[in-house]
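S.K.: Generate a structure from the sequence data that follows.
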Amino acid sequence: QLQLVESGGGLVQPGGSLRLSCAASGFILDYYNLAWFRQVPGKEREGVSCISRNGWGTGYAHSVRGRFTISRDNAKNTVHLQMNSLNPEDTGVYYCAAVRRVDASTCSVRRYDYHYWGQGTQVTVSS
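M.R.: Residues are numbered from 1 along each chain as shown. From the prediction side, this is the model:
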């Protein structure tokens, strides 16, 4: 059974940092592109960042570029999202997603490109 489990969310003050993690089980991440999405009530789920199978290709939403960094550890079947300089607009439920790909070097942050999803972890940025 393919499963993605996010962790690391919480409450943080503006300007603070959080590191999200996503652990995969039931499949080998080497063959999958990975991404992080976020959603707030009443809005569409938006792509935040993606990373290709080999880690060479990454992508970021304009709003997080320069503040967030995605990384992956295929040996540990995990993907991380380091989030710095957080602001209240970063508040939301963050989801990890995966899709199997032949191409090893490119990725996308389009929601409908991804087939497997975690349950999400809440991130709240507030003073």
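
S.K.: Run through the bridge partners of the residue most central in space within the chain.
M.R.: For the chain, W36 is the residue whose C-alpha lies nearest the centre (Cα atoms, centre = their mean; 2.1 Å). Legend: beta-bridge partners of W36 under DSSP bridges are S49, C96.

S.K.: residues in contact with R110?
M.R.: By Cβ atoms under 8 Å, 6 or more residues apart in numbering, R110 lies in contact with G47. Where you see a C-beta, it was placed from the backbone N, CA and C, and this is true even at glycine.

S.K.: Determine how far the last residue of stretch 46-61 lies from the first.
M.R.: Between the opening and closing residues of stretch 46-61 there is a gap of 9 Å (Cα to Cα, to the nearest Å).

S.K.: okay, now the closest residue to R67 other than its chain neighbours: neighbour count?
M.R.: Nearest residue to R67, sequence neighbours excluded (Cβ to Cβ, 6 or more residues apart in numbering): S85, at 4.7 Å. Neighbour count of S85, defined by other Cβ atoms under 10 Å: 13.

S.K.: repeat for S52
M.R.: 20.

S.K.: From what I see, the residue nearest to the centre of the chain and E46 are in contact.
M.R.: No - when contacts are counted by Cβ atoms under 8 Å, W36 is not listed as touching E46 (10.1 Å).
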